[in-house]
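Engineer: Build me a structure from this.
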Amino acid sequence: MNRLAFVGLLLSTVPLAHADWPGFRGVSGGLASDKGLPVEWGAEKNVVWKIKLPGPGSSSPIVWKDRVYVTCYSGYGLKKGDKSDIANLRRHLLAVECKTGKIVWDRPAPPLLPETEYTGNITEHGYASSTPVTDGERIFVFHGRSGVFAFDKQGKQLWHKEVGSGLNSWGSAASPILAGNKLIVNAGVEGDSLIAFDKISGDEVWRAKGIGHCWSTPVLVELPGGKQEIVLSVQSALYGFDLATGEKLWECEGPSTATASSTPVTRDGVVFAIGAGFEGRSSIAVKAGGRGDVTKTHVLWRQKIGANHCSPVLVDGRLHWVSGRAICLDAKTGAIIQEKDLYGARQEYVSAVAADGKIIAFTRRDGAFVLDANRGFEKIAHNDLGDNSTFNSCPAISDGNLFVRSNAFLYCLGQKP
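Structural biologist: Predicted structure coming up:
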């Protein structure tokens, strides 16, 4: 079987529906099965509720059953040129009722000092850029230099573990993921390591060193025969790790030669990643499951188009992302299907999501676009919530609603008569 036939067979599998959105980009890399989502919204239109947050943040909300969980920060770094004491910084984890927007509990955590000062690169996204993850019983959050925290549904802290003392002018941003009983954390900035913790006890299970500074969230890849790997996009490479032991199994030349911060999407053993660097922007599809350097054996295609920070979403065999321009590639071949300018050249932290044949792309400061995924990015709507703060977060989708946060507010958007 040739490579393209192999990819075509894999992409014929569609992920099952899942009502919850338990971590960064849900359970299917930003793709939801929901129908009837709102396509138009505004300050007074299709806003089910809106609440003021204790402070800004670039993390995404997550949803489990009747709760939304989201992080933010307060006390320091609230505006450029902030001269207040960094010891006043607090990172918050909030639990919010899905139906009403009522804050159930708020758990602020002081920083472990020293911490990156609020100047230069970190002012682009701040101190709460890591999205939490939950298994329904516990909520896990990564606070960078200050470590990993686990809470129960009542907000009781179960454990706390440090991951390293390293700092970077960009701060911290990678989100933790759950893989069975393991919590996987990219602590490249803090400890030059990918770390697996036992989610119950917080004990360190393994630590894979040598990943360098990167901000990409790791992804779990399902392989034939029930095997699983963890794949991480690092500077200039993609790495594949054994889930049980943390052993690095394979690597290949990746799409990001600068700040690896875009998170790959995976489907049936194929990993799709985008990035940017000193040689330009690029994207790649690689078959997981190899050993050693697989650059010449497992790369299915490369394309000279990509993005720096946002992550792609895979819909019906097509790879989409939005960062100033909307891009669509054929996932089998890498061929460019569509490029469309939306609002000029911008670098977006926000990752587009998809549901019901639509691409939903929030932007930092240019509103939110709803695009038809099947008609060459035909614009269905361009929405503005009247919120002048920055949007750096991709929305969560659950039970026909969109949950999205800005630096100022958390919103629930849904169809209202």
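
Engineer: State the pLDDT value of residue 374.
Structural biologist: Confidence at residue 374, expressed as pLDDT, is 88.

Engineer: Surely it and residue 359 touch.
Structural biologist: No: in this structure residue 374 lies outside contact range of residue 359 using CB atoms under 8 Å: 9.9 Å. C-betas here are computed from N, CA, C, even on glycine.

Engineer: Which one of the two is surrounded by more residues?
Structural biologist: residue 359 (25 against 13; other CB atoms under 10 Å).

Engineer: low-scoring stretches of the stretch 201-350 of the chain, by residue?
Structural biologist: With pLDDT under 70 as the threshold, the stretch 201-350 of the chain has low-confidence stretches at 278, 345.

Engineer: All the strands of it, in order from the start?
Structural biologist: Secondary structure of the stretch 201-350 of the chain (DSSP state E, counting those that start in this stretch): strands at 204-209, 219-222, 228-234, 237-242, 248-253, 265-267, 270-277, 280-287, 292-293, 299-303, 313-315, 318-323, 325-330, 336-341.

Engineer: The last one: what's the following helix or strand?
Structural biologist: Counting by DSSP states H and E, the next helix or strand C-terminal to strand 336-341 is strand 353-355.

Engineer: Quickly run through the sheet partners of that following strand, with directions.
Structural biologist: Strand pairing for strand 353-355, using DSSP bridges, gives strand 31-32 (parallel), strand 358-362 (antiparallel).

Engineer: looking at those, which is buried most?
Structural biologist: With neighbours taken as mean count of other CB atoms under 10 Å, the strands paired with strand 353-355 reach their highest mean count in strand 358-362, at a mean of 26.

Engineer: Please save the CA atoms from it in PDB.
Structural biologist: Written as PDB, here are the backbone C-alpha positions of strand 358-362 (Å, rounded to 0.1, in the frame of the first residue of the first chain):
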ATOM      1  CA  LYS A 358     -18.200  25.300  10.200                       C
ATOM      2  CA  ILE A 359     -14.800  26.800  11.200                       C
ATOM      3  CA  ILE A 360     -15.000  29.100  14.200                       C
ATOM      4  CA  ALA A 361     -12.000  31.400  14.500                       C
ATOM      5  CA  PHE A 362     -11.700  34.000  17.200                       C
END
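
Engineer: what is the rounded mean pLDDT of that strand?
Structural biologist: Over the span of strand 358-362, the pLDDT mean works out to 96.

Engineer: Now do the next helix or strand after it against strand 358-362, angle only.
Structural biologist: The first helix or strand that comes after strand 358-362 along the chain, using DSSP H and E, is strand 368-372. Angular relation of strand 368-372 and strand 358-362 on a 0 to 180 degree scale: 160 degrees, by axes from the mean of the first three to the mean of the last three CA atoms, to 10 degrees.

Engineer: List the pairing partners of the helix or strand just after strand 368-372 within its sheet, with orientation.
Structural biologist: On the C-terminal side of strand 368-372, the nearest following helix or strand under DSSP H and E is strand 379-383. Strand 379-383 has these partner strands in its sheet, going by DSSP bridges: strand 368-372 (antiparallel).

Engineer: Which residues does the partner strand contact?
Structural biologist: Counting by CB atoms under 8 Å, 6 or more residues apart in numbering, the neighbours of strand 368-372 from elsewhere in the structure are 39-41, 322, 326, 342, 357-363, 377-385, 391, 404.
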